[in-house]
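Engineer: using only what follows, build the 3D model:
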Amino acid sequence: MIGDVVKVTVDRPLGSYHPEHKDMYYPINYGYIEGVMASDGEEQDAYILGGSEPIKEFVGKIIAIIHRFDDVEEKWVVAPENIMFTKEEIMEQVNFQEQYFQFEIRI
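Structural biologist: Next up is the predicted model:
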């Protein structure tokens, strides 16, 4: 998976709030890969790094996988094909949501 190019449909754009957890602010674009089913029975979720504006969809490369030890789903981290991020940079950007889970970043 890492290195694959995917299209992410954004359902929680940068600057939005979680529909159920109203205090969770999205500092990055977040969405799903249509047609790819995750272990939770929903389409695969993805964080999008490398943007500074809210968007509706994004085509980029999977640069990491967030593996949660205390949840059934994994999150994919997608970025522009020519930009790389360190584990520390990824953690900093996804911490707004991942802080509630035990996880590791697989690059």
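Engineer: report the central residue of this protein.
Structural biologist: Y47 (1.6 Å; Cα atoms, centre = their mean).
Engineer: wait, is that residue part of a strand?
Structural biologist: Yes. Secondary structure of Y47 (DSSP: H, G, I helix; E, B strand; the rest coil): part of a strand.
Engineer: is it in contact with V94, as I believe?
Structural biologist: Yes. Taking Cβ atoms under 8 Å as the definition, Y47 is a contact partner of V94 at 5.3 Å. In short, each C-beta sits where N, CA and C put it, glycine included.
Engineer: what strand or helix carries I63?
Structural biologist: Assigning secondary structure by DSSP states H and E places I63 in strand 57-68.
Engineer: run through who's touching the helix or strand that that strand is followed by.
Structural biologist: Using DSSP H and E, the helix or strand that follows strand 57-68 towards the C-terminus is strand 74-79. Strand 74-79 is contacted by residues 1, 6, 8, 33, 38-39, 44-50, 58, 60-68, 85, 90, 94, 98, 105 when judged by Cβ atoms under 8 Å, 6 or more residues apart in numbering.
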